[in-house]
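> Fold the following and give me the result.
(one chain, ligands or ions: 1)
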Amino acid sequence: MAKEFDDQLMDKLVSLCKRRGFVFPSSEIYGGFNGFWDYGPYGSRMKRAIENLWWHEMVETRDNVEGLDSTVIAHPMIWKASGHIDQFSDLMTDCKKCKSRYRVDQMADPTTCPNCGSKELTEPREFNLMMKTFVGPVFDDEHVAYLRAETCQPIFVDFHSVRVATRQKLPFGIAQIGKAFRNEINPRNFTFRSREFTQMEMEFFCDGEQGMEWFEYWKEQRIKYYRDKLGFEESFMRIYEHEKLAHYAKAAIDIEVKFPFGWGELEGVHHRGTWDLSQHSKFSGQDLQYIDHDNKTKVMPTVIETSVGLDRTMLALLAHAYDEEKAATQKADMEEDVRVVLHLPAVVAPIQVAVLPQSKKLKENAYNLYKDIDRFFRCEYDETGSIGKRYRRQDEIGTPFCITFDFDSLNDNAVTVRDRDTMQQERVNITQLRRYIEDKIF
Ligand code: ATP
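I've put the predicted structure just below:
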């Protein structure tokens, strides 16, 4: 997957995502809605595959991490305790001439408009990113509530209930996947900075003395996940160590990856000390300390957090997977033939296996085969157009295996399996098919 991104890559991705139903602007028939994106048929499959992979890695394969699915709207005091209501803001400025709006910390030169070059900018002012709504019949200040700005706060709030219900002892973690909402001043770079997005977060509660050890552990685990499970090469990843830490934090790193527009944060791994549970204890009046019955002691657990954006994961995967390969053409006057292919890891590809009858006369047999293997993999059946065209359609959405059922299949009970990356074809007996693909995917 290693290659330099071409300058047009983002435009090409946006166009492919729209054309093939991965991602398109929300509310498009009304002109779109800035910062909101819909995931189409292939995009939603891929999104779910990434969620499943993360969930499997972080929850299902670990005895000491539990899952949670909390509400998007919760008691507003949560956001007071977490500091979001008072401090979750960015400085923004407007260009008086062209009316463009910017986040001051993202401007190379905060005195000049990057769009029109005007020097006439408004005084920077604080802008809170929390999205507001009202709960109940009266729309006044008392009934204001917030859409969660991150998925981790409900984890802290439910810490006690989860611990009691599961009888977990320190150290243990709680993980959740869900939507988060931020009224970003300047949504941009496709899904990278959206106003509604999905986070996958895990909070690991431990004794403060082991905090740094666990921080190092989770940092390694997460880097390994990107390398081994998502196939990100070392040259596409880097670690950014925070120099300025929040007053309560002991250590913080970002895992950054190369996006078409440059390096960007994909995941944060943070040592948050005892800040979160202490704040919620203080504001709720409930003691959230952990009672160690064996040693008859009480401790306020230290938290190590791993926090990743699902939308950014998918964007990074698509960017790294996108390739254009020049195919040889027979005729000199023909336009250059370009194969667009997504070299996605099979585990997250929206379709893992496509079943194609060589001729429509074989549709019944091919369709039955498709139904058989559809139980084990994400499959698609396609009978329209030439085999070559059908291969290309599958390449463009990143399908690792195309299976062709041909006339010989009727006699030898075997099919041709074509590999997306090598384009090699192999004859495989139908009785061995599931095993053959499983061996290559998992
Ligand atoms: P940034 O500095 O890019 O605004 P952040 O440091 O505020 O990000 P966190 O609050 O640490 O981000 O959120 C954890 C993860 O959630 C980020 O690493 C990112 O993958 C994702 N994320 C945050 N904001 C957005 C957004 N506006 N759109 C899409 N994903 C986001």
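
> From now on I want contacts and neighbour counts done on CA atoms only, so please keep to that.
OK.

> Name the nearest residue to the residue in the stretch 301-442 of the chain that the ligand sits nearest to, ignoring sequence neighbours.
At 3.2 Å from the ligand, residue 309 is the closest residue in the stretch 301-442 of the chain, using C-alpha to the nearest ligand atom. Once flanking residues are discounted, residue 309 sits nearest to residue 199: 4.6 Å by C-alpha to C-alpha, 6 or more residues apart in numbering.

> Three-state assignment for that neighbour, please.
The three-state label for residue 199, taken from DSSP: H, G, I helix; E, B strand; the rest coil, comes out as strand.

> Just give me the neighbour total for residue 170.
Residue 170: 18 surrounding residues under other C-alpha atoms under 10 Å.

> Contacts only, for residue 184.
Contacts for residue 184 (C-alpha atoms under 8 Å, 6 or more residues apart in numbering) come out as 35, 129, 193, 194, 195.

> please redo it, this time with the cut-off set to 10 Å
When contacts are counted by C-alpha atoms under 10 Å, 6 or more residues apart in numbering, residue 184 touches 34-35, 89-90, 103, 127-131, 193-196.

> Check residue 369 too.
355, 356, 363, 381, 403, 405, 430.

> circling back to that earlier point, I figured the residue of the stretch 301-442 of the chain closest to the ligand was touching residue 200, is that so?
Yes - using C-alpha atoms under 10 Å, residue 309 makes contact with residue 200 at a distance of 6.2 Å.

> shared neighbours of those two, which are they?
Here residue 309 and residue 200 have 177, 178, 179, 180, 267 as joint contacts, going by C-alpha under 10 Å, 6+ apart.

> So which of those residues sit within strands?
In strands, defined here by DSSP state E, the members of these are 177, 178, 179, 180, 267.

> Looks like the second one contacts residue 70 (just checking).
Yep, that's residue 178 we're talking about. Yes - under the criterion of C-alpha under 10 Å, residue 178 makes contact with residue 70 at 8.3 Å.

> Looking at the two, which is more packed in?
Legend: neighbour count by other C-alpha under 10 Å for residue 178 and residue 70, higher for residue 178 (21 against 16).

> who does that one bridge with?
Taking DSSP bridges as the rule, residue 178 bridges to residue 199.

> repeat for the one 10 residues further on
Each beta-bridge partner of residue 188 is listed here: residue 193, as defined by DSSP bridges.

> Would you check how far apart it and the ligand are?
According to C-alpha to the nearest ligand atom, to the nearest Å, residue 188 stands 9 Å off from the ligand.

> How many residues are close by that residue?
For residue 188, the neighbour count with other C-alpha under 10 Å is 13.

> what's it in contact with, if anything?
With contact taken as C-alpha under 10 Å, 6+ apart, residue 188 is in contact with 34, 35, 194, 195.

> Just put those in JSON lines and tack on pLDDT, distance to residue 161 and neighbour count.
Formatted as JSON lines, the contacts of residue 188 follow (pLDDT from 0 to 100; distance: C-alpha to C-alpha, whole Å; neighbours: other C-alpha atoms under 10 Å):
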{"residue": "34", "pLDDT": "96", "distance to residue 161": "38", "neighbour count": "15"}
{"residue": "35", "pLDDT": "97", "distance to residue 161": "35", "neighbour count": "23"}
{"residue": "194", "pLDDT": "98", "distance to residue 161": "32", "neighbour count": "24"}
{"residue": "195", "pLDDT": "98", "distance to residue 161": "30", "neighbour count": "23"}
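
> Nearest to residue 419 among those residues?
The nearest member of those to residue 419, counting by C-alpha to C-alpha, is residue 194 at 35.1 Å.

> show me where the stretch 151-300 of the chain has helices.
For the stretch 151-300 of the chain, the helices defined by DSSP state H, counting those that start in this stretch occupy 152-157, 159-166, 211-224, 275-284.

> Could I get those in JSON lines, plus columns for distance to residue 54?
Output for the helices of the stretch 151-300 of the chain, formatted as JSON lines (distance: least, C-alpha to C-alpha, whole Å):
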{"stretch": "helix 152-157", "distance to residue 54": "16"}
{"stretch": "helix 159-166", "distance to residue 54": "20"}
{"stretch": "helix 211-224", "distance to residue 54": "10"}
{"stretch": "helix 275-284", "distance to residue 54": "24"}
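
> Could you say which of the ones you listed is packed most deeply?
Among the helices of the stretch 151-300 of the chain, the stretch with the highest mean neighbour count (mean count of other C-alpha atoms under 10 Å) is helix 152-157, at a mean of 22.

> That one near the ligand at all?
No - judged by C-alpha under 6 Å from any ligand atom, helix 152-157 stays clear of the ligand, getting no closer than 9.5 Å.

> Out of the contacts of residue 188, which are close to the ligand?
Filtering the contacts of residue 188 for proximity to the ligand by C-alpha under 6 Å from any ligand atom leaves 194, 195.

> what residues are up against the spatially most central residue of the chain?
Centroid-nearest residue in the chain: residue 310, 1.6 Å away (criterion: C-alpha atoms, centre = their mean). Residue 310 makes contact with 47-48, 50-51, 54, 177-179, 191-192, 197-200, 266-267, 316, according to C-alpha under 10 Å, 6+ apart.

> Cross-check these against the ligand and keep the overlap.
192, 197, 199, 266, 267.

> Quickly find the element holding the closest residue to residue 146 other than its chain neighbours.
Using C-alpha to C-alpha, 6+ apart and skipping residues adjacent in sequence, the residue nearest residue 146 is residue 132, 4.6 Å away. When elements are assigned from DSSP states H and E, residue 132 belongs to strand 131-134.

> Dump whichever helix or strand comes after that strand to PDB, keeping only the CA atoms.
Proceeding N to C from strand 131-134, the next assigned helix or strand is strand 144-147, under DSSP H and E. The C-alpha trace of strand 144-147 is given here as PDB (Å, rounded to 0.1, in the frame of the first residue of the first chain):
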ATOM      1  CA  VAL A 144     -31.300  23.000  27.900                       C
ATOM      2  CA  ALA A 145     -29.500  19.700  27.300                       C
ATOM      3  CA  TYR A 146     -26.500  18.800  25.100                       C
ATOM      4  CA  LEU A 147     -25.700  16.200  22.500                       C
END
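
> Please point out which parts of strand 144-147 sit buried.
145, 146, 147 (16 or more other C-alpha atoms under 10 Å).

> so the second one touches residue 71, yeah?
No - here residue 146 does not reach residue 71: they are 11.1 Å apart, not a contact under C-alpha under 10 Å.

> All good on my end, thank you.
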